[in-house]
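1. whatever this is, show me its structure:
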Amino acid sequence: MTSNVENEIKKIKSKALIQKIFGWIIAIPAGLITFAGIASTGLKESIDFVMVTFFAIITALGIWMIIKGIKKKKLTVLFYDYSARLESDSDKSIDLLSSSTGASVDTVTKNLSTMVSMGLFPNAFVDTTHNKLTYQNMNVSHTPLTQNVSNEPKEQVRYITVQCKGCGATNKIKSGSIGECEYCGAQISE
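-> Down below sits the predicted model:
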């Protein structure tokens, strides 16, 4: 993961925290005023109704901010899972990602589109025609640039996917080895 992506994740997490804090700061007092207004006045006069409606709208705005902050935080966690799964898939297939996460194709496509727009997958776009995540301006070749000149057979390296016990992220390591989680640095093994 590049430092640009890590910086974007930090920014998103900071914005999510700020949204949640301001949401609570707005929602709690406005909600209390709304309930107090309803309980004390009974909405007998039109000004009472207007004030209670105003504070109810402010309460709803605070709740909306809290929900948006929670969704941003969840999206960053989901990014770690998606990126690890996509890293092991050379086609970057949304269908395969959907089946491996248990989410619908539409949900995965929407999440990936949001992540791309947030800068979490730089130089990428969601290709809805082929239903995959495509990187642009990157000449990635999956064939070796040089051929094996010797007739000795190449050693087959087998990779496995393991889940980090520290942060829960999915990582890919060589089978039979001990690796390090690329997200939190904890030791991981089979």
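2. all strands of the chain, in order?
-> 124-127, 132-135, 159-163, 170-174, 179-180, 187-188 (DSSP state E).
3. can you add distance to residue 23, mean neighbour count and mean pLDDT and give those back as CSV?
-> To be clear about C-beta, it is placed using only N, CA and C from the backbone, and glycine gets the same treatment. Below are the strands of the chain laid out as CSV (distance: least, C-beta to C-beta, whole Å; neighbours: other C-beta atoms under 10 Å; pLDDT from 0 to 100):
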stretch, distance to residue 23, mean neighbour count, mean pLDDT
strand 124-127, 29, 17, 86
strand 132-135, 31, 18, 86
strand 159-163, 32, 14, 76
strand 170-174, 31, 17, 75
strand 179-180, 36, 16, 78
strand 187-188, 36, 16, 80
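4. what's the closest of those strands to residue 114?
-> Among the strands of the chain, the nearest to residue 114 by C-beta to C-beta is strand 124-127 (9.8 Å).
5. and the closest one, what does it pack against?
-> Using 3 or more C-beta pairs under 8 Å, 6 or more residues apart in numbering; DSSP states H and E, the elements in contact with strand 124-127 are helix 105-117, strand 132-135.
6. just checking: what are the partner strands of that strand?
-> Strand pairing for strand 124-127, using DSSP bridges, gives strand 132-135 (antiparallel).
7. now do the strand it pairs with: everything it contacts.
-> 86, 91-94, 112, 116, 121, 123-127 (C-beta atoms under 8 Å, 6 or more residues apart in numbering).
8. now the two most distant members of these.
-> Maximum distance among those (C-beta to C-beta): 18.4 Å, for 93 and 123.
9. which residues does the closest residue to residue 170 other than its chain neighbours contact?
-> The spatially closest residue to residue 170, leaving aside those adjacent along the chain, is residue 84, at 3.8 Å (C-beta to C-beta, 6 or more residues apart in numbering). With contact set as C-beta under 8 Å, 6+ apart, residue 84 has these partners: 161, 169, 170, 171, 172.
10. pLDDT value on residue 84, please?
-> Looking at residue 84, its pLDDT stands at 86.
11. now do the one 5 residues further on
-> Confidence at residue 89, expressed as pLDDT, is 80.
12. next, the buried residues of stretch 72-90.
-> Under the neighbour-count criterion of 16 or more other C-beta atoms under 10 Å, stretch 72-90 has 72-73, 75-76, 78-86 buried.
13. much appreciated, bye for now.
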